[in-house]
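>>> What would the 3D arrangement of this be:
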Amino acid sequence: MQERPLKVAIVGFGFMGQTHAAAWARIPEAQIKAVFEVPARAPQIRHMVSEYGAKVVTNYEEILEDEEVNVVDVCLPTFLHREYVVKALKAGKHVLCEKPIALHLWEAREMIDAWKSSGKKFMIAHVVRFFPEYKQAKELVDSGALGEPRIARTYRYSAFPPWSVKGWFGVQRLSGGVLVDLAIHDMDFLRWIFNDEVARVYALSPERRVVKGITAQDHGIALLKFKKGGIAYVMASWAYPKTVPFSTYFELVGTGGILQFDNRSTAPLRLGTSEQYSTIQTYPEDPYYLEIRHFADHILKDVELMVTPEDAYKALEISLAAVKSSLTGEPVSLPLKEEVIP
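Residues are numbered from 1 along each chain as shown. From the prediction side, this is the model:
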């Protein structure tokens, strides 16, 4: 069998770790060598990990000291990202890490500094950029099909995610709540598609939670003002009933037309101009595979990253500004001074 140059260790084998593992298994140049989990969960996942020909490791240092492992994929809860990413970079590993990059800007800066000092590859997995419809929307805007983008609305909502270990999603100081964990997808997308920086954020979140027994914000809306004058409305929620499927929607209005996306539609991407209103054919592809294929190509072929660590920092900064605004009731200007999630 041909030698595979990418030897991967997946750190955390919950919902996202298993999703990443399935994607890495489709990369011909990659081999999953190890999966890190806490001792209490190791017996539960051993049979799944063995299907990839990998071993379960309960001591992270063992992965860091393994000279054969050259890629570490961090799929742990957000509050652990900084510690595990920095250690992997300092150990000379390439690192992929789930979004958000971190919970605090100082953590994100430390991760970026470690990356720059390491000479290794580092990417935050902002998967929305790899959804075919979102990627095509970006291509259409960049081609001038909508003229200059001026107005946007995004919606992203579901029931409260039940799969977090020990319910960490429901703790504001561990997940950042819905404005950080979920809305950050659209904060990143809007900055990307407007090709502009956010200047000011105003946000609201209900003081009384819909989801019982959690401290995390479970619903939020944010208004973004961009430096060039564009505006956007962002809604993110974990407050919907379990019977409602995970749903996303965006519309973007430019000087030359409107672009709409609705994941509940059989023709999800639509373009309207002064001449016509039409659907755009997209082909379903697994975005998690596409992002991991992209990161593999970044390592092996030095292709330019579609989402840089600095992009991930900016997305976190916008989301944290929204949290601050929702708590103070005041608009928040960027760049953001360091804030601690309560």
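>>> Averaging pLDDT per element, find the lowest-scoring helix or strand in the chain.
strand 277-279 (a mean of 87; mean pLDDT, DSSP states H and E).
>>> helices and strands around that strand, which ones?
On a contact count with 3 or more C-beta pairs under 8 Å, 6 or more residues apart in numbering; DSSP states H and E, strand 277-279 meets strand 269-272. Where you see a C-beta, it was placed from the backbone N, CA and C, and this is true even at glycine.
>>> Pull up the pairing partners for the strand it packs on, direction included.
strand 257-262 (antiparallel), strand 277-279 (antiparallel) (DSSP bridges).
>>> list the buried ones in that strand?
For strand 269-272, burial by neighbour count (16 or more other C-beta atoms under 10 Å) applies to 269, 270, 271.
>>> could you pull out the helices for the stretch 151-300 of the chain?
172-175, 178-181, 184-194, 287-301 (DSSP state H, counting those that start in this stretch).
>>> right, so the ones you listed: which one is the most enclosed?
Greatest average neighbour count among the helices of the stretch 151-300 of the chain goes to helix 178-181 (a mean of 29), per mean count of other C-beta atoms under 10 Å.
>>> In the stretch 201-342 of the chain, where is pLDDT below threshold?
Counting by pLDDT under 70, the ranges of the stretch 201-342 of the chain that qualify are 339-340, 342.
>>> Mind jotting down where the strands sit in it?
Under the criterion DSSP state E, counting those that start in this stretch, the stretch 201-342 of the chain contains strands at 219-226, 231-237, 247-254, 257-262, 269-272, 277-279, 332-333.
>>> ok, of the buried residues of strand 269-272, which one's closest to residue 229?
Distance to residue 229 across the buried residues of strand 269-272 (C-beta to C-beta) is lowest for residue 271, with 22.8 Å.
>>> contacting residues for the closest one?
Residues near residue 271 by C-beta atoms under 8 Å, 6 or more residues apart in numbering: 140, 145, 146, 257, 258, 259, 260, 277, 278, 279, 280.
>>> For these, name the two members farthest from one another.
Pairwise distances among the contacts of residue 271 were taken by C-beta to C-beta; the largest, 15.6 Å, belongs to 146 and 279.
>>> and these two? which has more neighbours close in?
Between residue 146 and residue 279, counted using other C-beta atoms under 10 Å, the more crowded position is residue 146 (23 against 13).
>>> now the more buried one, nearest residue through space, not along the chain?
Sequence neighbours aside, residue 254 is the residue nearest to residue 146 in space, at 3.2 Å (criterion: C-beta to C-beta, 6 or more residues apart in numbering).
>>> Show me this structure divided up by domain.
Structural domains assigned to the chain are 6-125, 129-288+316-333, following automatic domain parsing.
>>> Quick one: closest of those to residue 294.
With respect to residue 294, and counting by C-beta to C-beta, the nearest of these is domain 129-288+316-333 at 6.9 Å.
>>> Can you give me the end-to-end span of that closest one?
Domain 129-288+316-333 has its terminal residues 25 Å apart, counting by C-alpha to C-alpha, to the nearest Å.
>>> same check, this time on stretch 7-22
End to end - C-alpha to C-alpha - stretch 7-22 spans 15 Å.
>>> which residues does residue 198 contact?
Residue 198 sits next to 187, 190, 191, 224, 225, 226, 227, 314, 318, 321, 334 when contact means C-beta under 8 Å, 6+ apart.
>>> report the longest helix in this protein, please.
For the chain, the longest helix by residue count, based on DSSP state H, is helix 309-328.
>>> Convert the C-alpha atoms of that helix to CSV, please.
The C-alpha trace of helix 309-328 is given here as CSV (Å, rounded to 0.1, in the frame of the first residue of the first chain):
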residue,chain,number,x,y,z
PRO,A,309,-6.6,32.3,11.4
GLU,A,310,-7.0,36.0,11.2
ASP,A,311,-10.5,35.6,9.6
ALA,A,312,-11.5,33.4,12.5
TYR,A,313,-10.2,36.0,14.9
LYS,A,314,-12.3,38.7,13.2
ALA,A,315,-15.4,36.5,13.3
LEU,A,316,-14.9,35.9,17.0
GLU,A,317,-14.5,39.6,17.6
ILE,A,318,-17.8,40.4,15.9
SER,A,319,-19.6,37.7,17.9
LEU,A,320,-18.1,38.9,21.2
ALA,A,321,-19.1,42.5,20.3
ALA,A,322,-22.7,41.2,19.9
VAL,A,323,-22.6,39.5,23.3
LYS,A,324,-21.3,42.7,24.9
SER,A,325,-24.0,44.8,23.2
SER,A,326,-26.8,42.4,24.2
LEU,A,327,-25.7,42.7,27.8
THR,A,328,-25.2,46.4,28.0
